[in-house]
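Engineer: Everything below, folded, please.
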Amino acid sequence: MKLKSILMVAIWVLFTHIATSQEGLPIYTDYLTDNYYLIHPSMAGVANCSKIRLTARQQWFGQDNAPKLLTLSVNGRIGESQSAVGGILYTDKNGYHSQTGAYVTYAHHLMFSRSEIDLNMLSFGLSAGIIQYKLDETSFLFDGPDPIIDGIVQSQGYFNMDFGFSYHFLDFYAHGTVKNILKNAGVNNDIEITSNLRRYLLSAGYVYNKFGSKWSFEPSLMFQYKDGTQESSIDINGKAYKEMDFGKIWGGLSYRTSLDGAEFLTSSNTIGSQRLQQITPILGVNYNDFMFAYTYTYQTNSVVFTNGGFHQFTLGYNFNCKRKRFECKCPAVN
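Structural biologist: Just a heads-up that it's a prediction; the model follows:
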């Protein structure tokens with residue numbers, strides 16, 4: 001491949017990640033490691049336990065200034081009420097861009113079933129967050145002064161909100177969330193597209209289980225749409241659980257593909273196009289009140305900076321647990 005082709009793709013990858021770093025908490029596949037609250041505020045306090053989840057994600061091992069993400073979340077019910085609260089802290093670094101954010105969440109859960117045995121619950125959640133962006137320009141002036149480069153660390157804070165709902169009926173669930181509802185400029189306030197960081201998320205899944213079996217299977221989908229750039233993608237997921245004496249073990253596979261292609265110049269000077277395609281295997285274990293999970297993402301595209309090297313670990317702890325209230329194989333609730 002010619003150098004020009006490589007540069008075009010590298011620029012596309014760079015600006016794709018810059019746009020992502022400007023959109024608040026990035027959305028990877030960490031929600032599949034028993035962490036739906038990270039992307040859906042209505043999931044705060046859904047489970048019969050309060051939850052703490054810590055995630056660490058590192059991309060492109062061995063590369064300087066490679067993207068890395070740390071998140072810490074906690075959520076749970078307020079006593080015996082139908083209300084719940086949660087909080088998220090995160091830091092996301094991507095080359096010269098970085099952001100630090102904090103969200104607080106209030107959620108409310110409405111029961112429609114005649115008893116607690118049959119799960120029929122509608123939930124609403126609202127998150128409010130403060131995010132600080134930073135752009136380090138201190139090393140940009142290696143060729144001398146430039147009128148559009150200040151040569152400093154630019155910093156900009158902003159406030160935004162997420163709103164969503166969740167519906168659980170027996171072994172079925174669905175979620176819908178609007179992220180970054182408010183307008184925002186960010187550090188690059190001269191780029192009009194950063195004023196609209198709104199993102200729409202839709203998730204749905206079902207848990208299959210044969211009566212008396214220790215195994216259960218959970219296919220699910222997630223669709224996301226970026227309003228400002230009109231980009232969309234879909235996750236197709238499958239997970240399997242096995243109940244053990246100490247808790248349960250589980251694993252699965254996630255496939256993410258964009259519904260929009262990116263054009264590039266091939267070695268024969270023709271215009272090519274490819275869509276984002278990622279495969280992520282997932283492994284996890286619940287041991288009493290502790291949880292550990294690992295995911296590895298492999299990008300299958302032919303024109304990429306690198307195909308692999310996307311590692312993510314999740315550590316979790318459940319506390320203040322109540323009895324299992326529902327007769328369902330619903331791991332996010334029971």
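
Engineer: Tell me where the model's unsure across this protein.
Structural biologist: 1-23, 60-65, 139-151, 185-194, 261-269, 271-273, 301-309 (pLDDT under 70).

Engineer: and with 80 instead?
Structural biologist: 1-24, 59-67, 94-96, 114-117, 135-155, 184-196, 261-274, 301-309, 323-329, 334 (pLDDT under 80).

Engineer: any idea where the helices of it begin and end?
Structural biologist: 3-21 (DSSP state H).

Engineer: What backbone torsions are found at the spatially most central residue of it?
Structural biologist: Geometric centre of the chain, nearest residue: residue 27, 2.7 Å, by CA atoms, centre = their mean. Phi and psi for residue 27, reported as degrees, to the nearest 10, are phi -110, psi 110.

Engineer: and the nearest residue to it once chain neighbours are set aside, what is it in contact with?
Structural biologist: The shortest distance from residue 27 to any non-neighbouring residue, by CB to CB, 6 or more residues apart in numbering, is to residue 39 (5.8 Å). Bear in mind the C-beta positions are built from the backbone N, C-alpha and C, glycine included. By CB atoms under 8 Å, 6 or more residues apart in numbering, the contact set of residue 39 is 25, 27, 31, 177, 179, 201, 203.

Engineer: Out of these, grab the one that's most surrounded.
Structural biologist: The residue in the contacts of residue 39 with the most neighbours, by other CB atoms under 10 Å, is residue 179 (26 neighbours).

Engineer: hang on, it packs against residue 198?
Structural biologist: Yes - if you go by CB atoms under 8 Å, residue 179 and residue 198 touch, sitting 7.0 Å apart.

Engineer: quick one: stretch 88-105 to chain centroid distance?
Structural biologist: 13 Å (CA atoms, centre = their mean, to the nearest Å).

Engineer: Just the C-alphas of it, formatted as PDB.
Structural biologist: Output of stretch 88-105 as PDB, limited to C-alpha atoms (Å, rounded to 0.1, in the frame of the first residue of the first chain):
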ATOM      1  CA  ILE A  88     -19.600   7.200  37.500                       C
ATOM      2  CA  LEU A  89     -16.100   8.600  37.400                       C
ATOM      3  CA  TYR A  90     -13.900   8.100  34.400                       C
ATOM      4  CA  THR A  91     -10.700   9.300  32.700                       C
ATOM      5  CA  ASP A  92     -10.100   8.800  29.000                       C
ATOM      6  CA  LYS A  93      -6.800   9.600  27.300                       C
ATOM      7  CA  ASN A  94      -6.200   9.400  23.500                       C
ATOM      8  CA  GLY A  95      -3.000  10.900  22.200                       C
ATOM      9  CA  TYR A  96      -3.000  14.700  22.700                       C
ATOM     10  CA  HIS A  97      -6.700  14.600  23.800                       C
ATOM     11  CA  SER A  98      -7.900  13.600  27.200                       C
ATOM     12  CA  GLN A  99     -11.000  14.000  29.200                       C
ATOM     13  CA  THR A 100     -12.100  13.400  32.800                       C
ATOM     14  CA  GLY A 101     -15.800  13.200  33.800                       C
ATOM     15  CA  ALA A 102     -18.200  12.500  36.700                       C
ATOM     16  CA  TYR A 103     -21.900  11.600  36.500                       C
ATOM     17  CA  VAL A 104     -24.600  11.300  39.100                       C
ATOM     18  CA  THR A 105     -27.700   9.400  38.400                       C
END
